[in-house]
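Colleague: Pasting the sequence and the predicted coordinates here, then a few questions.
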Amino acid sequence: MKKLSFRQVLKAVNSYVVFFLTVGFAVSCCMMLFLRVLADSMGLELNANNIAVAAKLTFGNVLLITFLFGTADYIRRKITVERPVKQITAAAERIMQGDFSARVPPIHGAGTEGFNQIGLAINKMAEELSGTETLRTDFIANVSHELKTPLAVMGNYATMLQRPGITEEERREYARSISEAARKLAQLITNILKLNKLENQQIFPQPKEFDLSEQLCECLLVFEDAWEAKSLEIETDIEDDVRIKSDPELLSLVWNNLISNAVKFTPDGGTIGLILKTEGSSVIVQVRDTGCGMKPETGMHIFEKFYQGDTSHATQGNGLGLALVKRVIDILNGEIGVQSVYGEGSTFTVKIRRD
């Protein structure tokens, strides 16, 4: 049996004293009123003996009632207060120790509705923490993998550069490979920093009015060399002078990523389409391609960090582009969706308000 601490004993005594004084006052008042009414109605004279007997009976009743009330209150607190508090505390301590599978069980009994609400809130918090911890672990694992690949390439080619007797052509090739790996590493770190700022809301939209039609054309022309190298056909249907009030820098990141993906995943001789149209108080931008398309299970994950559905193009990216796009669209209170047919191509649709 668990030994009671001095503090618990003191608390029990204090509770009993409070009950005793309360019951004593109530019973004494009732007894005095009863005796006075009885004496007046029956013409009795109250003497010292009668009062002493009444006082002793009253004191005994007070002790008994206080004991009964105190016992009932102790049992009530054990069932309706201390037991739920222990269950909630135990679950909270497990969560603090990193066990996000801990849950507060349903608490039954009268007067426990408030504790059940607290338990539901803690369970919801544990679910969110569990999901966050899983994402954090996956993110660290993916970052480690993505950093390791270019570093390994740079290390290998640097070792090969140190070999005696290599030709000038080999030296330039190795140096070019190291430079490309360094570029990819820098791009990865830049994207990670951007995504971190976006997810932690350290980047705030700076809305201003600008010509979206002109911005889309400029973003498309950035990739002119890339699409010409693959002999891609470019189809545009862009309304003129479509002005919106939004953050042009953040939206430029969206268009660059979507167009870059369209060029990357479209085979030589394919087609890329860029469409801009107004729809009420919103604008619709579509980027479509005749590339490899996506399977349904791939489409469910494309906006996740580091996810790459087409591993054949993994060397051309790091799986952060669409995660950045999704976060930017969310910050700007827009919508983004994708329609894709495996082997035929994909169409990304972005919807944002004009003001």
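Modeller: Thanks, I have it. Numbers count the residues shown, from 1 in each chain.
Colleague: Give me the buried positions along stretch 334-344.
Modeller: Under the neighbour-count criterion of 16 or more other CB atoms under 10 Å, stretch 334-344 has 334, 336, 340 buried. No exception for glycine: its C-beta is placed from N, CA and C like everyone else's.
Colleague: now for the helix or strand that contains the last one, which elements pack on it?
Modeller: Here Ser340 sits within strand 335-341, counting by DSSP states H and E. With contacts defined as 3 or more CB pairs under 8 Å, 6 or more residues apart in numbering; DSSP states H and E, strand 335-341 has these neighbours: helix 321-331, strand 345-353.
Colleague: 6 Å instead?
Modeller: Where contact means 3 or more CB pairs under 6 Å, 6 or more residues apart in numbering; DSSP states H and E, strand 335-341 is packed against strand 345-353.
Colleague: what packs against the strand it packs on?
Modeller: On a contact count with 3+ CB pairs under 6 Å, 6+ apart, strand 345-353 meets strand 282-289, strand 335-341.
Colleague: Just want the angle from the strand holding Ser340 to strand 345-353.
Modeller: Here strand 335-341 runs at an angle of 160 degrees relative to strand 345-353 (axes from the mean of the first three to the mean of the last three CA atoms, to 10 degrees).
Colleague: Export strand 335-341 to CSV, keeping only CA atoms.
Modeller: Taking Å, rounded to 0.1, in the frame of the first residue of the first chain, the C-alpha atoms of strand 335-341 are listed here in CSV:
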residue,chain,number,x,y,z
GLU,A,335,-5.4,26.4,-55.6
ILE,A,336,-3.3,23.9,-57.6
GLY,A,337,-4.3,20.6,-59.1
VAL,A,338,-3.0,18.2,-61.7
GLN,A,339,-4.6,15.9,-64.3
SER,A,340,-2.3,13.3,-65.8
VAL,A,341,-2.6,10.2,-68.0
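Colleague: can you count the residues close to Arg7?
Modeller: For Arg7, the neighbour count with other CB atoms under 10 Å is 8.
Colleague: picking that back up, need the helices and strands packed on strand 345-353 in JSON lines with mean pLDDT and distance to Val53, can you?
Modeller: Converted to JSON lines, the helices and strands packed on strand 345-353 look like this (pLDDT from 0 to 100; distance: least, CB to CB, whole Å):
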{"stretch": "strand 282-289", "mean pLDDT": "94", "distance to Val53": "90"}
{"stretch": "strand 335-341", "mean pLDDT": "90", "distance to Val53": "86"}
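Colleague: out of the ones you listed, nearest to Tyr74?
Modeller: Nearest to Tyr74, of all the helices and strands packed on strand 345-353, is strand 335-341, at 58.6 Å by CB to CB.
Colleague: chain center to the closest one, what's the gap?
Modeller: With CA atoms, centre = their mean, to the nearest Å as the basis, strand 335-341 stands 23 Å off its chain's centre.
Colleague: cool, stretch 166-179 as well?
Modeller: The chain centroid and the centroid of stretch 166-179 are separated by 46 Å under CA atoms, centre = their mean.
Colleague: Report the rounded mean pLDDT for it.
Modeller: Computed over stretch 166-179, the mean pLDDT rounds to 88.
Colleague: in that stretch, what counts as buried?
Modeller: Residues of stretch 166-179 classed as buried: 174, 177-178 (neighbour count, 16+ other CB under 10 Å).
Colleague: still on that earlier bit, can you list the residues that contact the strand holding Ser340?
Modeller: With CB atoms under 6 Å, 6 or more residues apart in numbering as the test, strand 335-341 has contacts from 293-294, 299, 329, 346-351.
Colleague: so it versus strand 282-289, what angle?
Modeller: Using the same axes, to 10 degrees: strand 335-341 against strand 282-289 is 30 degrees.
Colleague: Name every strand pairing with strand 335-341 and say which way it goes.
Modeller: Applying DSSP bridges, strand 335-341 is found paired with strand 345-353 (antiparallel).
Colleague: Pull out the buried residues from the partner strand.
Modeller: 345-348, 350, 352.
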